[in-house]
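**Q** Fold the following.
(one chain, ligands or ions: 1)
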Amino acid sequence: MTGSTLTPGLDAPTWPEEFAARYRAAGYWRGETFGGMLRERAAAHPDRVALVDPAPERRTWTYRELDRAADRLAAGFAARGIGRGDRVVVQLPNRGEFMEVVFALFRLGALPVYALPAHRETEIAHFCSFSEAVAYVIPDVHGGFDHRELATTIQERTPGLRHVFVAGEAGAHTPLADVPCEPAAEPEGPRPHELAFLQLSGGTTGVSKLIPRTHDDYLYSLRGSNEICGVDADTRFLVVLPAAHNFPMSSPGWLGVLYAGGTAVLCPAPDPGTAFPLIERERITMTGLVPPLALVWTDAAPASAYDLSSLELVLVGGAKYSEQAARRLEPALGCRLMQVFGMAEGLVNYTRLDDDPETVVTTQGRPICPDDEIRIADDEGREVPEGAFGHLLTRGPYTIRGYWRAPDHNRTAFTEDGFYRTGDIVRRTPSGHLVVEGRAKDQINRGGEKVAAEEIENIILGHPSVHDVSLVAVPDEFLGERTLAYVILREGAEPLRPAAVKRFVRERGVAAYKVPDLVEFVDTFPQTGIGKVSKKHQRSTAEQR
Ligand code: OOB
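**A** Predicted coordinates:
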């Protein structure tokens with residue numbers, strides 16, 4: 001049996017022992033943990049700057065300071081009963097507290113559940129209740145939104161949520177600043193093969209799935225990414241995208257940079273007006289962007305008065321980057337481009353620094369690891385001829401074997417022999433690079449932000465005037481795709497305006513990027529041969545509008 005084994009305590013299928021042994025023997029899994037990694041770096045170069053949080057006043061953490069902050073915060077969390085295996089929903093923006101909190105949790109073996117700052121009541125309530133979280137960590141106010149009020153509502157709905165910690169003015173909750181205390185003894189901490197955190201899936205179903213990543217597997221993906229991207233102790237990485245997302249975290253991201261002993265600089269907002277002065281002031285060498293942002297930077301850079309000459313490499317990924325846009329980046333920003341096609345479930349592909357320029361602008365890269373197994377299959381699961389396109393399936397040393405506590409979903413999302421069905425349609429070039437041609441999953445990729453159609457359809461179906469709804473992607477020059485909700489009203493229902501549908505979704509408390517961009521009322525949906533809604537047909541109708 002080459003499928004997967006369910007290990008007690010992990011709450012998810014994991015790699016069968018024969019694979020685990022192979023990955024250890026190959027040197028991918030080295031028995032390190034995140035807590036141990038920070039401890040080692042702090043011992044090796046205590047005074048090097050690990051983190052810079054430039055706003056509102058510039059704060060820095062040396063490796064020694066970050067290590068110590070993590071220890072003290074871990075001791076404070078432990079004193080409040082938080083320990084190994086406990087889940088803690090972390091919803092912090094790009095601020096230094098984010099890294100202090102997650103390293104404190106790593107040290108205890110407690111599992112951060114990474115929420116995005118944009119998430120609202122519906123998502124957070126699900127993460128807290130589904131993960132049976134014992135604590136929730138928030139900023140006070142971020143982007144004009146008061147997270148403390150949301151936390152109060154969530155706590156009322158989730159009896160098991162014992163603590164709310166607030167970075168800033170705490171109101172009715174516990175100030176995060178009050179938590180740290182002197183550690184009495186070293187916590188026992190997690191084992192390398194155990195879970196480090198739960199990442200969120202882009203999702204194709206009604207609710208996001210949780211992705212269980214281990215210390216061993218994630219640390220390997222950092223090491224592999226660092227080698228490919230040339231990350232070392234001199235790298236100064238600007239964290240532009242939300243730090244909780246897998247791309248800015250690990251491709252190579254702030255965790256990769258900390259692994260290498262470099263410096264991560266936290267960017268409070270992604271616009272050139274905020275980022276360019278920081279690149280100049282902090283002598284940034286590397287960053288990662290989603291395609292729409294790369295476009296904005298490409299347009300803004302030539303006329304910018306800021307000195308961007310320290311930039312060596314910009315990674316672009318999360319959604320398809322058009323070839324035309326890709327060709328413009330290097331001349332405009334005066335640095336190298338690398339495309340990255342990754343997923344929080346594991347597999348990450350990069351173009352390489354020694355690839356020829358055509359490969360860099362026309363492909364989405366090749367896998368990190370020689371033991372990343374790639375299968376490109378037709379609808380029946382048969383491998384397609386070399387160079388033809390098909391469904392991408394993958395298995396390897398840092399790709400999960402199953403979602404957390406989701407046995408039913410796992411049966412369809414993974415093959416019996418443990419391959420993850422990515423839902424992406426790709427082809428492989430003779431050099432082994434992948435080109436993303438499309439998507440089979442029912443998801444809209446809104447400039448890197450993923451919207452599961454079913455999640456939003458379920459919400460709109462709750463409207464008393466709505467009989468049926470279908471959410472599809474429409475092409476968009478800037479975002480790549482936007483969302484369009486086709487709505488059939490109930491017979492005799494009051495006519496609705498598109499704005500009322502959008503407001504209804506917003507008021508249910510979801511991230512703003514999930515509110516439909518467009519709403520159209522129709523009488524019927526096109527059907528497939530067996531009577532299902534034909535989204536393919538709807539997408540092509542939408543394209544011709
Ligand atoms: C990254 O991770 P997720 O989990 O938010 O989304 C994964 C999905 C992929 O399955 C694919 O559908 C899409 O996002 N995607 C791309 C892409 N990169 C991701 N589609 C086309 N071209 C690309 N370059 O988005 C993510 C995780 C780690 C590194 C980079 C991106």
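**Q** max-length helix in the protein?
**A** In the chain, taking DSSP state H as the definition, the longest helix is helix 63-79.
**Q** what about it, distance to the chain center?
**A** Per C-alpha atoms, centre = their mean, to the nearest Å, the displacement of helix 63-79 from the mean C-alpha position of its chain is 25 Å.
**Q** Which positions within that helix qualify as buried?
**A** 63-78 (16 or more other C-beta atoms under 10 Å). Just so you know, the C-beta spots here come from the backbone N, C-alpha and C atoms, and that holds for glycine as well.
**Q** Which residue would be the closest one in the stretch 401-545 of the chain to the ligand?
**A** In the stretch 401-545 of the chain, the residue that lies nearest the ligand is Val436 (3.8 Å; C-beta to the nearest ligand atom).
**Q** Please, which helix or strand holds that residue?
**A** strand 434-439 (DSSP states H and E).
**Q** And for His537?
**A** Judged by DSSP H and E, His537 forms part of helix 535-543.
**Q** Equivalent analysis for Leu295, please.
**A** Per DSSP H and E, Leu295 falls inside helix 291-300.
**Q** gap between stretch 380-390 and the chain center?
**A** Here stretch 380-390 is found 28 Å from its chain centre; the criterion is C-alpha atoms, centre = their mean.
**Q** got a list of contacts for that stretch?
**A** For stretch 380-390, the external contacting residues (C-beta atoms under 8 Å, 6 or more residues apart in numbering) are Arg375, Ile376, Ala377, Asp378, Thr415, Ile425, Val426, Arg427, Arg428, Thr429, Pro430, Glu437.
**Q** wait, which of these is closest to Ala50?
**A** Closest approach between the contacts of stretch 380-390 and Ala50, by C-beta to C-beta: Val426, at 36.5 Å.
**Q** can the strand or helix carrying that closest one be found next to the ligand?
**A** Per DSSP H and E, Val426 falls inside strand 420-428. Yes - using C-beta under 6 Å from any ligand atom, strand 420-428 reaches the ligand at Thr422, Asp424.
**Q** Does anything pack onto that strand? Which helices or strands?
**A** strand 346-350, strand 373-377, strand 390-395, helix 407-413, strand 434-439 (3 or more C-beta pairs under 8 Å, 6 or more residues apart in numbering; DSSP states H and E).
**Q** can you tell me the residue of this protein closest to the ligand?
**A** Closest point on the chain to the ligand, by C-beta to the nearest ligand atom, is Gly342, at 2.6 Å.
**Q** in the stretch 101-250 of the chain, which spans are strands?
**A** All strands of the stretch 101-250 of the chain, identified by DSSP state E, counting those that start in this stretch, fall at 111-114, 135-139, 141-142, 145-146, 163-167, 174-175, 195-200, 210-214, 236-239.
**Q** Just put those in TSV and tack on mean neighbour count and distance to the ligand.
**A** As requested, these are arranged in TSV below (neighbours: other C-beta atoms under 10 Å; distance: least, C-beta to the nearest ligand atom, whole Å):
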stretch	mean neighbour count	distance to the ligand
strand 111-114	25	11
strand 135-139	26	21
strand 141-142	16	21
strand 145-146	14	22
strand 163-167	23	24
strand 174-175	15	31
strand 195-200	24	8
strand 210-214	24	8
strand 236-239	26	14
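**Q** quick one on the thing from earlier: pLDDT on the helix holding Leu295, on average?
**A** For helix 291-300, the mean per-residue pLDDT is 98.
**Q** and the very next helix or strand once past it, which residues are buried?
**A** Downstream of helix 291-300, the next assigned helix or strand under DSSP H and E is strand 313-317. The neighbour-count check on strand 313-317 (16+ other C-beta under 10 Å) flags Leu313, Val314, Leu315, Val316, Gly317 as buried.
**Q** likewise stretch 525-533?
**A** Within stretch 525-533, the residues scored as buried using 16+ other C-beta under 10 Å are Phe525, Val533.
**Q** what's the first-to-last distance across it?
**A** Start and end residues of stretch 525-533 are separated by 6 Å (C-alpha to C-alpha, to the nearest Å).
**Q** Just the residues contacting it, thanks.
**A** Asp468, Ser470, Tyr486, Ile488, Ser534, His537, Gln538, Thr541.
**Q** could those go into TSV alongside distance to Thr158?
**A** Converted to TSV, the contacts of stretch 525-533 look like this (distance: C-beta to C-beta, whole Å):
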residue	distance to Thr158
Asp468	32
Ser470	32
Tyr486	34
Ile488	35
Ser534	39
His537	41
Gln538	37
Thr541	42
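**Q** ok, so of those residues, who is nearest Gly273?
**A** Tyr486 (37.3 Å).
**Q** Okay, and the beta partners of the closest one?
**A** Note on Tyr486: beta-bridge partners by DSSP bridges are Ser470, Glu520.
**Q** Can you say which of the helices and strands packed on strand 420-428 is packed in most?
**A** Among these, strand 346-350 has the highest mean neighbour count (mean count of other C-beta atoms under 10 Å), at a mean of 26.
**Q** Which other helices and strands does that strand contact?
**A** Right, strand 346-350 is packed against helix 215-229, strand 336-343, strand 366-367, strand 420-428 by 3+ C-beta pairs under 8 Å, 6+ apart.
**Q** Which among those is found nearest to Asn246?
**A** The closest of those to Asn246 is strand 336-343. By C-beta to C-beta, the value is 6.7 Å.
**Q** how about the helix holding Leu295 against the ligand, any contact?
**A** No - Helix 291-300 does not reach the ligand (C-beta under 6 Å from any ligand atom); its nearest approach is 7.9 Å.
**Q** If you count neighbours, what's buried in that helix?
**A** Pro291, Pro292, Leu293, Ala294, Leu295, Val296, Trp297, Thr298, Ala300.
**Q** quick one, that helix and strand 336-343 angle?
**A** 170 degrees (axes from the mean of the first three to the mean of the last three C-alpha atoms, to 10 degrees).
**Q** Check what contacts helix 291-300 and list those residues.
**A** Here helix 291-300 makes contact (C-beta under 8 Å, 6+ apart) with 240-241, 270-272, 275-276, 289, 314, 316, 318-322, 325, 328-329, 332-333, 447-448, 478-480.
**Q** restrict those residues to contacts with the ligand.
**A** Filtering the contacts of helix 291-300 for proximity to the ligand by C-beta under 6 Å from any ligand atom leaves Gly318, Ala319, Lys320, Gly448.
**Q** Most neighbours among these, which one?
**A** Ranked by neighbour count (other C-beta atoms under 10 Å), those have Gly318 at the top, with 30 neighbours.
**Q** Please tell me I have it right and that residue contacts Val290.
**A** Yes - counting by C-beta atoms under 8 Å, Gly318 touches Val290, with 4.3 Å between them.
**Q** Touching both of these two, which residues are there?
**A** The contact sets of Gly318 and Val290 overlap at Leu241, Phe247, Gly447, Gly448 (C-beta under 8 Å, 6+ apart).
**Q** any idea how far the strand holding Val426 is from the chain center?
**A** 18 Å.
**Q** and it with strand 390-395, angle?
**A** 130 degrees.
**Q** domain parsing for the protein?
**A** 1-8+373-441, 443-544 (automatic domain parsing).
**Q** Give the pairing partners of the strand holding Val436; include direction for each.
**A** When pairing is defined by DSSP bridges, strand 434-439 lines up against strand 420-428 (antiparallel).
**Q** List of residues touching the partner strand?
**A** Applying C-beta under 8 Å, 6+ apart, the external contacts of strand 420-428 come out as 204, 343, 345-347, 364, 374, 376, 386-395, 399-401, 412-415, 434-441, 443.
**Q** Alpha carbons only: can I get it in CSV?
**A** What follows is strand 420-428, C-alpha atoms only, in CSV (Å, rounded to 0.1, in the frame of the first residue of the first chain):
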residue,chain,number,x,y,z
TYR,A,420,-2.8,15.4,-4.6
ARG,A,421,-5.2,16.5,-7.3
THR,A,422,-4.3,20.2,-7.7
GLY,A,423,-7.2,21.1,-9.9
ASP,A,424,-4.8,22.9,-12.2
ILE,A,425,-4.5,22.2,-15.9
VAL,A,426,-0.9,22.2,-17.1
ARG,A,427,1.4,21.0,-19.8
ARG,A,428,5.1,20.2,-19.5
